[in-house]
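> Please find the sequence and the predicted model below.
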Amino acid sequence: MDRVLIRQLKIETVIGVYEWEKKIHQSLLIDLDMAWDNKPAAASDDYQHALCYETVSNRLTALITEKPIELIETVAEMTANCLMTEFDVPWVKVTVMKPGAVPSAAAVGVEIERGQC
Ligand SMILES: Nc1nc2c(c(=O)[nH]1)N=C([C@H](O)[C@@H](O)CO)CN2
């Protein structure tokens with residue numbers, strides 16, 4: 001199936017397992033591959049048929065900044081669940097990177113796939 005992509009969506013939020021992390025904001029970078037049939041939007045040139053990457057980005061930013069979260073695994077799961085239930089995305093790959101979490105690594109992260117194409 002076709003996909004709609006979002007790359008390096010930057011979300012500043014309270015994220016982490018340690019006490020010091022609960023007092024600061026840190027950045028997460030999220031990549032999304034969302035299965036979507038792009039043909040109807042292309043054929044009609046009608047936004048109504050498109051999966052709007054701007055709406056998705058805004059919704060996920062609101063969701064993930066709602067309250068403190070400990071694990072990036074939780075962020076990935078919340079993201080996949082939101083896309084499938086609120087946006088009817090049938091399959092999604094979510095990558096959540098936490099730059100700076102391990103000083104000797106450029107970034108660390110997790111990746112999940114949920115749903116079916
Ligand atoms: N698999 C994970 N490992 C770790 C996480 C996490 O979210 N998932 N988080 C931390 C700390 O919050 C870390 O980012 C502090 O630098 C450690 N390991």
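Yep, that arrived.

> Residue 33: neighbouring residues, count only.
The number of residues packed near residue 33 is 18, by other C-beta atoms under 10 Å. Any C-beta I mention is one placed from the backbone N, CA and C, and that applies to glycine too.

> And it, its phi and psi?
With angles defined as degrees, to the nearest 10, residue 33 sits at phi -110, psi 110.

> so it sits right up against residue 92, yeah?
Yes: counting by C-beta atoms under 8 Å, residue 33 does reach residue 92; the two are 6.8 Å apart.

> Looking at the chain, which helix is longest?
Scanning the chain for the helix with the most residues, using DSSP state H, yields helix 72-86.

> helices or strands up against that one?
Judged by 3 or more C-beta pairs under 8 Å, 6 or more residues apart in numbering; DSSP states H and E, helix 72-86 is in contact with strand 26-35, helix 53-64, strand 91-99, strand 107-115.

> what about it, average pLDDT?
The predicted model assigns helix 72-86 a mean pLDDT of 99.

> That one and the ligand in contact?
Yes: counting by C-beta under 6 Å from any ligand atom, contacts between helix 72-86 and the ligand involve 72-73.

> Give me the contacts around that helix.
Helix 72-86 has contacts (C-beta atoms under 8 Å, 6 or more residues apart in numbering) with 15, 28, 30, 32, 34, 56, 59-60, 63-64, 69, 89-90, 92, 94-96, 98, 109-112, 114-115.

> if you set the cut-off to 10 Å instead, what comes out?
9, 11, 13, 15-16, 28, 30, 32, 34-35, 51, 55-56, 59-60, 62-64, 66, 69, 71, 89-98, 101, 108-115 (C-beta atoms under 10 Å, 6 or more residues apart in numbering).
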